[in-house]
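> Okay, sequence plus prediction incoming.
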Amino acid sequence: MYVAVKGGEKAIANAHGLLAEKRRGEPAVPELSVEQVAGQLSLAVDRVMSEGSLYDRDLAALAVKQARGDLVEAVFLLRAYRATLPRFGCSLPADTESMLVERRISATYKDVPGGQVLGPTFDYTHRLLDGTLLERREEPAAGQTVGQTVCQTAGAGHNENEDQEILNAFHGRCPKVLSFLEQEGLMHTEAVPDHDPEPGDLSRQPLAFPAGRAVRLQNLARADEGFLLALAYSSQRGFGSTHPFVGEIRMGEVDLDFLPEELGFPITIGSVFLTECETVNKFSGSDGQGARFTRGYGLSFGENERKAMSMALVDRALRAAELGEELRGPAQNEEFVLYHSDNIEASGFVQHLKLPHYVDFQAELELVRALRRGCDGARAADGNGESEARNA
């Protein structure tokens, strides 16, 4: 990672002071608190947590405030802090089937156990500016809620008892939609090797190729959302041939379990809010198993639906080689995707161009001048030769 050059300490200190002044904004306006950022700019905070690889809403909100809303800079701040933290161990794999669902939809089946749960979404809103948001609103009275926690949509005419049964179902296990296809043998499955190795850790080990799917998914989970969105879009438009159905998107709280060596049994140490997406892709079959569907997978911290969907599309595109498909687009190129998806590395490499390159440029300048002098001399020599030939 390229970092700022040293020197000009007084000028740099003044720049920091001006930055703090710009961050504060108009002094007559109340300062934005970290709690307000975490509560009212939650989608920005969730993105920073995901790409910063650190699940801490307060720290992510602090990073957003400190970065003046520049989310890539906020991700950089969060990752830098994360690098200073001790690591006590790894949690057990999160069981998303036991998720306390806040949103859960499927584009493949209308009637799924538990129903379609809209939750908080922009999907059904009119994209019109809401002028009422310019006004300060009265806080809701004690015990009064602004809206319903869960919106259930599977069929009309549900009564309160039916809705309550549906809500109660989510406190247990909520089956994955794609499990229905697995039960019919219509989903491509991967056999777990006898000695299944521990997945690599990109925060500790450099990226190496060929990368296994576990490493690829780690990379995509930390990747820049905009980059993944563009790659996912390209794969849908023919540069990768990935135009899937959304099998399921679910969003909610998931418990994290940890297995202390001294205890010998797992304990729940907390919960995280996750967004998970599984896509269903057509696949004709190339290994004698016959036609079936394949899966794309995306998982992200917080409410991060667009990222999870993009991740699922790119994950499936990157599986082209192992599934025997023709590579036809950049989203299928493992090295291109994984090497260029990290926004911190990309930002650093691009922004280092604005740092002093005086010596490098002078070397280039002298080289170009020398080449020009040589070219001008050659032209002059050719001109003299042609003139002498005409005189002769």
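That came through fine.
> going forward, measure contacts between C-alpha atoms and count neighbours the same way
Noted.
> Just give me the neighbour total for the closest residue to residue 265 other than its chain neighbours.
Spatially, and ignoring its direct neighbours in sequence, residue 265 is nearest to residue 259 (5.7 Å; Cα to Cα, 6 or more residues apart in numbering). Using other Cα atoms under 10 Å, residue 259 has 16 other residues around it.
> Now do residue 327 against residue 319, distance only.
10 Å (Cα to Cα, to the nearest Å).
> if you count what's nearby, which of those two comes out ahead?
residue 319 (21 against 17).
> That one: what's it in contact with?
residue 332 (Cα atoms under 8 Å, 6 or more residues apart in numbering).
> So for stretch 190-200, mean pLDDT?
For stretch 190-200, mean pLDDT rounds to 71.
> Show me where the stretch 251-392 of the chain has its strands.
Here the stretch 251-392 of the chain has its strands, by DSSP state E, counting those that start in this stretch, at 267-283, 292-301.
> can you check the stretch 1-150 of the chain too?
Remark: strands assigned in the stretch 1-150 of the chain by DSSP E, counting those that start in this stretch are 100-105.
> all helices of it, in order?
Using DSSP state H, counting those that start in this stretch, the helices of the stretch 1-150 of the chain run over 9-24, 34-40, 42-52, 57-66, 71-82.
> Ok, the stretch 151-300 of the chain next?
160-169, 178-183, 213-222, 225-236.
> Out of those, which is closest to residue 29?
The minimum distance between residue 29 and the helices of the stretch 151-300 of the chain falls on helix 225-236, with 31.9 Å, by Cα to Cα.
> and the angle from that closest one to helix 213-222?
Between helix 225-236 and helix 213-222, the angle comes out at 120 degrees (axes from the mean of the first three to the mean of the last three Cα atoms, to 10 degrees).
> one step back: I'd like the helices of the stretch 151-300 of the chain written out as CSV, with mean pLDDT added.
Converted to CSV, the helices of the stretch 151-300 of the chain look like this (pLDDT from 0 to 100):
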stretch, mean pLDDT
helix 160-169, 52
helix 178-183, 81
helix 213-222, 90
helix 225-236, 92
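> Determine which of these approaches residue 244 most closely.
Closest of these to residue 244 is helix 225-236, at 8.3 Å (criterion: Cα to Cα).
> what's the closest one in contact with?
Defining contact as Cα under 8 Å, 6+ apart, one finds that helix 225-236 is touched by 220, 240-243, 306-307, 310-311, 313-314, 317, 329-331, 341.
> from those residues, which would you call buried?
Neighbour counting over the contacts of helix 225-236 (16 or more other Cα atoms under 10 Å) leaves 220, 240-243, 306-307, 310-311, 313-314, 317, 329-331, 341 as the buried ones.
> before we move on, the earlier item: can you redo the helices of the stretch 151-300 of the chain as CSV, where the extra columns are distance to residue 107?
Formatted as CSV, the helices of the stretch 151-300 of the chain follow (distance: least, Cα to Cα, whole Å):
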stretch, distance to residue 107
helix 160-169, 19
helix 178-183, 11
helix 213-222, 23
helix 225-236, 17
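> which one of these lies closest to residue 283?
helix 178-183 (13.6 Å).
> Output that closest one as CSV, nothing but the C-alphas.
Backbone C-alpha positions of helix 178-183 (Å, rounded to 0.1, in the frame of the first residue of the first chain) are rendered in CSV as follows:
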residue,chain,number,x,y,z
LEU,A,178,-32.4,-24.4,-2.6
SER,A,179,-32.7,-27.4,-0.3
PHE,A,180,-35.9,-28.3,-2.1
LEU,A,181,-33.9,-28.7,-5.4
GLU,A,182,-31.2,-30.6,-3.5
GLN,A,183,-33.8,-33.1,-2.3
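> heads up, I number from 33, so please use that
Shifting the count to begin at 33 puts that one at helix 210-215.
> how about it: buried residues?
210, 213.
> Run a quick neighbour tally on residue 62.
Per other Cα under 10 Å, the neighbour tally for residue 62 reads 9.
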